[in-house]
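**Q** only geometry, no sequence info:
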């Protein structure tokens, strides 16, 4: 199913942007694991809409409910079901798009594929609203990874061409990275972050939008996680990242810039550190070679397009009358979704890495007994 992800740690999302509820069913968790309620709700708070001027004004509390799978605060071995009730919907804003597709949205191909029966309200199941269930599942995966000393960090790498402070791929400043989770606008350099905010507000005033990139750094991964070829670490991560609406590109380490280097520049020489651990002097490979983790920090960047819903008049086609027609999109939309997508990318990263570890028989170190 296209709404399912993972082999050992497997999840299925359900719902639509304006349905009564959205949620996720998670399978593969053994009985007896502590349920990280606070971690899940904290992550949802980072993602939820309606908080700041750079976010949509749709105001969802995103308080989740446990529908199944938990007894006395621990997993019971049954599939885990978590749900969020949608509350602040304005479906009337989307009535015109039943036959008038919005540029750069899924409206037109969905109209053709589902023969006009798709849910147009808020983008239906194509909406970024569907990332909230991913955040719930990812919070559980992240909690389990952290018990094995695996930490996931991320920051806004850039917005509207304005870049945050660069991260040293081989020796990241983990102290600075650890502080990002407590920032409402997660950048290392707050001055650059202010410039990004101003660029977002300028776009908003112009009834326009801007995009950017999110960078993820993972520390503590053991060597050899991943499978050759189609279940490689990069393949699993990239597959999942493109399941996030608005993703337009994924790169690891030096990424596309590596195509402009010579091999002598791009290669990462090995050495033994003071603990006789094999490491590399540089980390152009971003912590993955041959689809397998190398023990170096995993470095990944995800490119996020400008929000497709903008307030300016745009050209479209009336699919009912078969004529060209101008449209102006109504409703509440983010002038930039990059800040809100940060916890979503972290969640997807955790889901994929936990699944890969379980595929390798490396269940994170955690006791299921009191």
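**A** Cool, got the structure. It should be emphasised that the depicted structure is a prediction, and the values quoted were computed from it without experimental measurement.
**Q** Now do residue 274 against residue 78, distance only.
**A** Distance, residue 274 to residue 78, by CB to CB, to the nearest Å: 47 Å. C-beta coordinates here come from the backbone N, C-alpha and C atoms, glycine included.
**Q** Which parts of the stretch 201-350 of the chain are helices?
**A** Taking DSSP state H, counting those that start in this stretch as the test, the helices found in the stretch 201-350 of the chain are 233-241, 263-266, 338-359.
**Q** Which one, of those, ends up nearest to residue 65?
**A** Residue 65 lies closest, by CB to CB, to one member of the helices of the stretch 201-350 of the chain: helix 338-359, at 18.5 Å.
**Q** roughly how far is the closest one from the heart of the chain?
**A** Relative to its chain's centre, helix 338-359 lies at 7 Å (CA atoms, centre = their mean, to the nearest Å).
**Q** Also stretch 64-82?
**A** In terms of CA atoms, centre = their mean, the centre of stretch 64-82 is found 23 Å from the chain centre.
**Q** Check stretch 344-360 too.
**A** Computed by CA atoms, centre = their mean, the chain-centroid distance of stretch 344-360 equals 12 Å.
**Q** And it, what's buried?
**A** In terms of neighbour count (16 or more other CB atoms under 10 Å), stretch 344-360 has its buried residues at 344-359.
**Q** Name the nearest of the residues you listed relative to residue 301.
**A** Distance to residue 301 across the buried residues of stretch 344-360 (CB to CB) is lowest for residue 345, with 9.6 Å.
**Q** from what I can see that closest one touches residue 218, true?
**A** No - using CB atoms under 8 Å, residue 345 makes no contact with residue 218, being 11.4 Å away.
**Q** Grab the two from the buried residues of stretch 344-360 that are most spread out in space.
**A** Taking CB to CB, no two of the buried residues of stretch 344-360 sit farther apart than 344 and 359, at 22.7 Å.
**Q** mind listing what residue 79 touches?
**A** Residue 79 sits next to 25-27, 68-69 when contact means CB atoms under 8 Å, 6 or more residues apart in numbering.
**Q** quick one: low-confidence parts of the stretch 251-370 of the chain?
**A** Counting by pLDDT under 70, the stretch 251-370 of the chain contains low-confidence residues at 365-370.
**Q** before we move on, back to that, pLDDT and secondary structure added to the contacts of residue 79, as TSV?
**A** Output for those, formatted as TSV (pLDDT from 0 to 100; DSSP: H, G, I helix; E, B strand; the rest coil):
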residue	pLDDT	secondary structure
25	98	strand
26	98	strand
27	96	strand
68	97	strand
69	97	coil
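**Q** which among those end up buried?
**A** Buried subset of the contacts of residue 79 (neighbour count, 16+ other CB under 10 Å): 25-26, 69.
**Q** Which one of these is nearest to residue 180?
**A** Out of those, the member with the shortest distance to residue 180 (by CB to CB) is residue 26, at 26.2 Å.
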